[in-house]
Each structure stands twice: as structure tokens, then as C-alpha cells.
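S.K.: Fold the following.
(one chain, ligands or ions: 1)
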Amino acid sequence: MKKHFRYSFPLALAFIAVLLFYSLSYLSNNKLKFYILDVGQGDAIFIETPSKNQILVDGGPDKSVLKELGKVMPFYDRSIDVVILTHPNLDHLAGLVEVLKKYEVKTYIDAGDDYALSEYVELKNIIKERRINYIKGRRGMKIIADKEVGLLILMPEKLIESKNPNDNSIVAKLTYGDIDFLLMGDAEKNEELSLVLIGDNIESEVLKVGHHGSKTSSNPLFLEKVKPELALISVGKNSYGHPSKDILQNLAFSGASVFRTDVDLTILVETDGKSLTSNIKK
Ligand SMILES: [Zn+2]
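M.R.: Residues are numbered from 1 along each chain as shown. Presented below is the predicted three-dimensional model:
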């Protein structure tokens, strides 16, 4: 037995040292990380603030989001602070059901849409069973995600009557220092032009392009106000013609560099609140 201890003790020490090194290197920076995860045709956006608070916006079309989260979260981390569902379409919702089963989620936000979709009902049941803090996302709410990081909900102001869930997509602006990220969900022209008409300051360095680059979104008037440096499209194989050639042109015309998950895979944009760096170079 003694012999056994003589060998296992240094091993245990080495293990603790490796874990400590891993944790310290993980904790020691002031960067916000913004990932568009490669989940195929759908959206899943993972945000980690400098203090390692985490927000997941949408969960993609299936459980591929779990594999993707495994690549960007430390192996010992089994919780996510805030989960947001922009709207209850399966390419945003289905993966979230898997996330809620596998991770401890503290707060869940959606627009409070009322749809009888079975996956949406399942998701709402999990939220009730696990007593997850539920918030109905409305214009003007701000999530203080970190000392200098806020996520401001811009849309919807109230739910409008529509058979298209995209029309009530949660739109939000994430701000860290001088850098803004505009998250459009699957918002279409209506919500884009509402933002322009209201006169919100939507100028943002990074635009998560609405509705997978569909021609229903990214109106030139709207892009003129956003003035994005980076336009990020979450898109996979699809039969809808996403992203539209016209929209790619609109985005290029607005001066943005365009990246897309079907070509560039998982996209990471990092910022210290002053400048941007990305894992995608062109
Ligand atoms: Zn979608």
C-alpha cells in the first residue's frame, strides 16, 4: 500500500498542477469571446465575458450544439448563466432542448411567443421542472453580463400578430467598451426598419446577420445605420438559397468583411473592448 502511495502522490500533484495551470491560463485575460458555432443550418451563438460569464443565444437545429460547446467551454464547466431563444423555430430551438437537459442553466429568456410546437412545449416543461429563472425579453431590458459588458434587448417591444415567428425575433446589442455586436436572430425587414425608424443607435462593429443571409433581411437602409466591419452569417446546407447573392452584395457594399459558418466553420471574434481580432483571416 505504501508503495502505491509513493507513486500516486506525485501523480496527484502533477494532476493538480496541470489543472491549476489550465484554470489560470483560462482565467487570465480581459477578452470577450463571441463565437458563432458551426451547427449547420441554424443559429447558436456563445458569448463569454472577461469574467467568464456565459450567454448562449439559440441552440441550432439539433444536438450538434453540445459537441460545439464542448470545444469552446472548459471540460469541467457544466453550467451556462443565460440562455436566450430568439424565436421558436426549430433551427434555433431544437438544440436548446438538449442544452437545457445537459447543462445547468440559471436564466432563460424568450419573447413569450405562444406556439404549440412539441419541442417548444418540451423546452418550457424543462424550464418549469428545473425551476430555471424565466424572463420574457422585451425592448429596454439590459442584462449586465460583466463589469463592462451589457446586453440590451432592442426588440420586440411587444409581440405583433404574425404567423411568422421571425417577426417577433429578439434583437439585442452586446456592448463591451467601444465595441458593439448586433444580434439579429431571424429578424426580417419589419424589425430592421422599426429600429431605423425609432432612431436607435444600432451602429455596430459586428453584425450577426439576420435570418441566415436571407433576402428577407439586411435591408440597405438598415445596413447604412449599422455600418458593420464584420458581418457574420450562420448558415449550413439548405434549400432556401441562404445566403442570398443580393444580400452578400449588400453586405459587401456596406463595407463589411463577410464570414459564414458553411465556409469558415466556427467563427470566433475576440475583443478587449477596444479592438477586434478574429480566427478568420482573409
Ligand atoms: Zn433561422
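S.K.: Tell me how far the residue in the stretch 151-282 of the chain positioned nearest to the ion lies from Thr271.
M.R.: Across the stretch 151-282 of the chain, the shortest distance to the ion (C-beta to the ion) belongs to Asp186, at 4.3 Å. Just so you know, the C-beta spots here come from the backbone N, C-alpha and C atoms, and that holds for glycine as well. In this view, Asp186 and Thr271 are 25 Å apart by C-beta to C-beta, to the nearest Å.
S.K.: what about those two, which has more around it?
M.R.: Neighbours were tallied for Asp186 and for Thr271 using other C-beta atoms under 10 Å; the higher tally belongs to Asp186 (27 against 23).
S.K.: and stretch 126-146, how far apart are its ends?
M.R.: In stretch 126-146, first residue to last residue: 27 Å (C-alpha to C-alpha, to the nearest Å).
S.K.: now what about that stretch, what contacts it?
M.R.: 32, 47, 49-51, 53, 55, 81-82, 84, 97, 100-101, 105-112, 150-158, 170, 172, 174, 176 (C-beta atoms under 8 Å, 6 or more residues apart in numbering).
S.K.: which of those count as buried?
M.R.: The neighbour-count test (16 or more other C-beta atoms under 10 Å) marks 32, 47, 49-50, 53, 55, 81-82, 84, 97, 100, 105, 108-111, 151-156, 170, 172, 174, 176 as buried among the contacts of stretch 126-146.
S.K.: could you pick out which of those are near the ion?
M.R.: Among the buried ones among the contacts of stretch 126-146, no residue lies close to the ion (C-beta under 5 Å from the ion).
S.K.: Mind checking which of these land in helices?
M.R.: Those of those mapping onto helices are 97, 100, per DSSP state H.
S.K.: So, low pLDDT: which residues of the stretch 151-282 of the chain?
M.R.: For the stretch 151-282 of the chain, the stretches flagged by pLDDT under 70 are 281-282.
S.K.: how about the residues of it near the ion?
M.R.: Asp186.
S.K.: any chance you could map the strands in the stretch 151-282 of the chain?
M.R.: Assigned by DSSP state E, counting those that start in this stretch, the strands in the stretch 151-282 of the chain fall at 171-176, 179-183, 206-208, 230-233, 257-260, 267-271, 276-278.
S.K.: Columns distance to Gly59 on top of these, output as TSV?
M.R.: Compiled in TSV, the strands of the stretch 151-282 of the chain are given as follows (distance: least, C-beta to C-beta, whole Å):
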stretch	distance to Gly59
strand 171-176	16
strand 179-183	14
strand 206-208	15
strand 230-233	17
strand 257-260	19
strand 267-271	17
strand 276-278	23
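S.K.: Can you tell me, leaving aside adjacent residues, what's nearest to Ile179?
M.R.: The shortest distance from Ile179 to any non-neighbouring residue, by C-beta to C-beta, 6 or more residues apart in numbering, is to Thr271 (4.6 Å).
S.K.: ok, now which ones touch that neighbour?
M.R.: By C-beta under 8 Å, 6+ apart, the contact list for Thr271 reads 31-32, 34, 176-177, 179, 277.
S.K.: ChimeraX command for the buried members of the residues you listed?
M.R.: Typed into ChimeraX, the line below selects the buried ones among the contacts of Thr271, using 16+ other C-beta under 10 Å:
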select :32,34,176,179
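S.K.: so how far is Leu100 from the spatially most central residue of the chain?
M.R.: The structure's the chain has its C-alpha centroid closest to Ile45; by C-alpha atoms, centre = their mean the separation is 2.3 Å. Distance, Ile45 to Leu100, using C-beta to C-beta: 16 Å.
S.K.: cool, Val196 as well?
M.R.: Look at Val196 and Leu100: by C-beta to C-beta, they are 35 Å apart.
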